[in-house]
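Undergrad: Coordinates only, no sequence provided:
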Ligand SMILES: Nc1ncnc2c1ncn2[C@@H]1O[C@H](COP(=O)(O)OP(=O)(O)OP(=O)(O)O)[C@@H](O)[C@H]1O
């Protein structure tokens with residue numbers, strides 16, 4: 001799904017730009033504060049509607065500008081050619097257009113641009129809240145099976161309705177709600193569970209290539225005790241649910257448990273090891289996505305050097321190259337990675353005070 005052309009305006013310190021990236025690896029280099037991460041951030045916003053650095057979009061919009069505008073021409077081997085544009089204003093307005101038509105949901109735009117980010121805060125996937133890991137699972141399920149979004153929306157609606165009944169202390173209504181709730185919960189759970197089962201061997205293989213000494217165990221917790229039916233659990237927990245005013249069990253409590261020697265990986269691995277595990281998780285999602293859809297993920301790798309030693313850095317680069325996907329990778333020195341890693345057809349872009357220039361050597 002490579003991006004053939006990219007236009008950005010109104011993002012942080014970046015001057016309006018139009019790039020023709022490589023369909024493979026793109027090296028983006030420049031000094032601290034030059035705008036390298038902002039370039040990745042713009043791509044991420046185009047693909048997901050969110051920044052990976054800030055929970056609000058306002059700080060991303062260039063000072064003195066009212067909006068940012070992002071545009072890409074995409075060449076997808078399954079979906080065909082697409083022109084995807086996003087406009088986000090300081091006042092919160094947003095517009096997304098695909099091939100000239102307005103889109104009403106970010107999900108449709110995201111389905112065109114499956115993007116994964118590996119950046120210095122990436123280890124939060126291990127140490128952050130379970131929600132981070134649920135989002136990780138759901139990224140994979142959604143991109144392989146777009147109908148998952150409808151399943152999830154249906155479940156979320158029923159969860160909100162059930163919680164409203166609990167808050168209003170209307171236990172008689174619960175029998176009515178619980179049947180639908182359990183049906184929707186089981187549908188979400190089945191999709192997630194099946195996805196993790198398929199991901200596990202791919203993850204183990206990827207991790208062994210990144211670090212053969214790391215022995216990490218993944219297991220999926222559905223959000224309730226696996227040995228019991230959700231309907232029985234809801235009955236048992238009804239009193240407590242009514243007291244606290246929300247539903248304690250269900251896919252909203254699902255978790256991907258990541259353990260080393262039966263302990264939480266986040267509690268015992270070093271930050272570098274955590275980054276390697278997260279990179280293996282994200283790369284294995286890309287591999288599985290490619291196997292199951294014949295499409296590929298775009299990888300944004302910000303500040304590869306942070307936390308990873310040379311051995312891990314180059315193992316990661318090799319895995320990215322083997323995936324044959326589009327990669328945007330930042331570094332401070334122009335040669336810190338490209339001297340050792342020369343993927344075919346790569347391009348080099350220099351960023352200086354927000355100006356991006358193509359410095360690909362002529363061959
Ligand atoms: N809304 C904004 N408008 C204009 N400039 C901004 C805005 N937000 C941040 N900046 C500036 O944009 C610059 C680009 O930052 P960015 O994080 O992209 O740099 P970088 O090249 O990735 O740096 P580093 O190597 O230190 O990570 C910074 O100098 C920052 O002060």
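TA: Yep, it's here. Since the model is a prediction, treat every value here as computed from it, not as a measurement.

Undergrad: Next to the ligand, which bits of this protein? Give me the list.
TA: Residues of the chain found near the ligand (CB under 6 Å from any ligand atom) are 12-13, 30, 32-38, 59, 61-63, 332. Heads up, the C-betas are built off the backbone N, CA and C, glycines and all.

Undergrad: Farthest pair within those?
TA: 61 and 332 (25.6 Å; CB to CB).

Undergrad: Of the two, give the one with the bigger neighbour count.
TA: Each of residue 61 and residue 332 has its neighbours counted (other CB atoms under 10 Å); residue 61 has more, 18 against 13.

Undergrad: quick one: contacts for the more buried one?
TA: Contacts for residue 61 (CB atoms under 8 Å, 6 or more residues apart in numbering) come out as 10-11, 67-68, 88-90.

Undergrad: sorry, back to before: by pLDDT, rank the residues of the chain next to the ligand and give me the bottom one.
TA: Lowest pLDDT among these: residue 332, with 91.

Undergrad: follow-up on the earlier one: when you filter the residues of the chain next to the ligand down to buried only, what's left?
TA: 12, 30, 34-38, 61-62 (16 or more other CB atoms under 10 Å).

Undergrad: May I have the phi/psi pair for the closest residue to residue 100 other than its chain neighbours?
TA: Nearest residue to residue 100, sequence neighbours excluded (CB to CB, 6 or more residues apart in numbering): residue 83, at 7.2 Å. Dihedral pair for residue 83: phi -120, psi 110, per degrees, to the nearest 10.

Undergrad: Contact partners for residue 83?
TA: So residue 83 contacts 71-74, 97-100 (CB under 8 Å, 6+ apart).

Undergrad: which among these end up buried?
TA: Buried among those (16+ other CB under 10 Å): 71-74, 98.

Undergrad: residues near the closest residue to residue 23 other than its chain neighbours, how many?
TA: What sits nearest to residue 23 in space, not counting adjacent residues and going by CB to CB, 6+ apart, is residue 2, at 4.1 Å. For residue 2, the neighbour count with other CB under 10 Å is 19.

Undergrad: ok, now residue 317?
TA: 20.

Undergrad: repeat for residue 79
TA: By other CB under 10 Å, 12 other residues sit near residue 79.

Undergrad: Tell me the spatial nearest neighbour of it, not counting adjacent residues.
TA: Closest to residue 79 by CB to CB, 6+ apart is residue 112, at 6.4 Å.

Undergrad: Tell me which of the buried ones among the contacts of residue 83 fall in strands.
TA: Under the assignment DSSP state E, the buried ones among the contacts of residue 83 contribute 71-74, 98 to strands.

Undergrad: For the one residue sitting closest to the centre of the chain, list the residues it contacts.
TA: The C-alpha lying nearest the average C-alpha coordinate of the chain belongs to residue 116 (CA atoms, centre = their mean; 4.7 Å). By CB under 8 Å, 6+ apart, the residues touching residue 116 are 139, 282-283, 285-286, 297-300.

Undergrad: Adjacent strands (with direction) for the strand or helix carrying it?
TA: Following DSSP states H and E, one finds residue 116 within strand 115-118. Next to strand 115-118 in the sheet, as set by DSSP bridges, lie strand 298-301 (parallel).

Undergrad: From the rest of the structure, what touches the strand it pairs with?
TA: 1-3, 40, 43-44, 47, 113-119, 282-283, 286, 316, 320, 323, 325-330.

Undergrad: would you list the contacts of residue 83 in TSV and tack on pLDDT?
TA: Output for the contacts of residue 83, formatted as TSV (pLDDT from 0 to 100):
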residue	pLDDT
71	98
72	97
73	97
74	96
97	97
98	96
99	95
100	94
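
Undergrad: Could you check how far the residue nearest to residue 79 is from residue 120?
TA: As judged by CB to CB, to the nearest Å, residue 112 and residue 120 stand 27 Å apart.

Undergrad: neighbour count winner among the two?
TA: Per other CB under 10 Å, whichever of residue 112 and residue 120 has more neighbours is residue 112, with 20 against 15.

Undergrad: which ones are touching that one?
TA: Contacts of residue 112 by CB under 8 Å, 6+ apart are 1, 74, 76, 79, 82, 84, 98.

Undergrad: go again using 7 Å as the cut-off
TA: Residues in contact with residue 112 (CB atoms under 7 Å, 6 or more residues apart in numbering) are 74, 76, 79, 82, 84, 98.

Undergrad: Tell me where the model's unsure across the stretch 1-150 of the chain.
TA: 1 (pLDDT under 70).

Undergrad: Looks to me like residue 286 is in a helix.
TA: Yes. Judged by DSSP: H, G, I helix; E, B strand; the rest coil, residue 286 forms part of a helix.

Undergrad: What segments of the stretch 201-350 of the chain are strands?
TA: 217-221, 255-260, 263-264, 298-301, 327-331, 347-352 (DSSP state E, counting those that start in this stretch).

Undergrad: Next, give phi and psi for residue 8.
TA: Here is the backbone geometry of residue 8 (degrees, to the nearest 10): phi -140, psi 130.

Undergrad: What is the neighbour count of the closest residue to it other than its chain neighbours?
TA: Closest residue to residue 8 apart from its sequence neighbours, by CB to CB, 6+ apart: residue 42 at 4.6 Å. Residue neighbour count, defined by other CB under 10 Å, stands at 27 for residue 42.
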